[in-house]
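K.L.:
what follows is a predicted structure for the sequence shown.
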Amino acid sequence: MLSRVRALLATSGRAFVPRPPLLEAGVARWESTHQLRLPEPFRRFLLEVGDGGVMPGSYCDFALHPLERMAGATTAAAPCPITRARLDERLAANRSGPLLPELGDLWEQTDPLHGSLMLGRYPGGDALFLVTSGDLAGSVWCLVDGGVPELGEGGQPRDFLDWFFHALTDLTRPDVRA
């Protein structure tokens, strides 16, 4: 997937401008400080693509924060309160309202949900989170509707690189950029 991300960035007319990548020592230092190994797809992005970046938009930007400025670092290693079993149960249920009502106001706190980092924002302003602990570690979530995972093939939560590729593909479509 990393090669697909690189190819998309090379052909997108610099629509998304990544910051310089981090060095292994910097990522390792952050991980040691926060007692957490970052999910591998996100770690690869930081080391080989960039430490965040921005895609200017006509309304507002699609932005990914640099690692050092992501909210939630102090609680990123704490257990995420949602398990894969709970997510699967709620996705399978006929429901109305929020996907996971038990999260309630947790997403809106100063620090994001335990076991996650705030990655950045979609152009419409919806916050993006990377789950960093538990059996959903590595999945990307959006704050829309009380918090929902970004889903891919077969309703599976997308990992960071898969999510980034599909988000950038969608955001660089001519009908979206206009």
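P.N.:
Sure thing, it's come through. Please read these numbers as outputs of a predicted model, since none were measured by experiment.

K.L.:
who's in contact with stretch 73-90?
P.N.:
The contact list for stretch 73-90 (CB atoms under 8 Å, 6 or more residues apart in numbering) reads 30, 34-36, 99-100, 102-103, 106, 111-117, 131-137, 149, 157. C-betas here are computed from N, CA, C, even on glycine.

K.L.:
ChimeraX command to pick out the buried ones of those residues?
P.N.:
Remark: buried members of the contacts of stretch 73-90, expressed as a ChimeraX selection using 16 or more other CB atoms under 10 Å:
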select :30,34,36,99,100,103,106,111,112,113,114,115,116,117,131,132,133,134,136,137,149,157
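
K.L.:
among the contacts of stretch 73-90, which are in helices?
P.N.:
30, 34 (DSSP state H).

K.L.:
now do the strands in the chain.
P.N.:
Counting by DSSP state E, one finds strands in the chain at the ranges 17-18, 53-55, 62-64, 116-121, 127-131, 140-142, 148-149.

K.L.:
what helices and strands are in contact with the second one?
P.N.:
Which is strand 53-55. Applying 3 or more CB pairs under 8 Å, 6 or more residues apart in numbering; DSSP states H and E, one finds that strand 53-55 makes contact with strand 17-18, strand 62-64.

K.L.:
just checking: what are the partner strands of it?
P.N.:
Strand 53-55 sits in its sheet next to strand 17-18 (antiparallel), strand 62-64 (antiparallel), going by DSSP bridges.

K.L.:
picking up where we left off before, so which of the helices and strands packed on strand 53-55 is the most packed in?
P.N.:
Stretch with highest mean neighbour count among the helices and strands packed on strand 53-55: strand 62-64 (a mean of 22; mean count of other CB atoms under 10 Å).

K.L.:
let me see the mean pLDDT of that one.
P.N.:
Averaged across strand 62-64, pLDDT comes to 85.

K.L.:
ditto for stretch 118-130
P.N.:
The pLDDT scores in stretch 118-130 average 84.

K.L.:
can you point out the buried residues in it?
P.N.:
For stretch 118-130, using 16+ other CB under 10 Å, the buried residues are 118-123, 127-130.

K.L.:
dump those to TSV, plus distance to residue 80.
P.N.:
Listed next are these as TSV, based on distance: CB to CB, whole Å:
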residue	distance to residue 80
118	14
119	15
120	19
121	21
122	21
123	26
127	16
128	15
129	10
130	11
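
K.L.:
who wins for proximity to residue 53 among the strands paired with strand 53-55?
P.N.:
The stretch from these with the least distance to residue 53 (CB to CB) is strand 17-18; that distance is 3.7 Å.

K.L.:
which outside residues touch that closest one?
P.N.:
The contact list for strand 17-18 (CB under 8 Å, 6+ apart) reads 9, 49-55.

K.L.:
and for residue 75, the neighbour number?
P.N.:
Using other CB atoms under 10 Å, the number of residues around residue 75 comes to 21.

K.L.:
okay then, goodbye and thanks.
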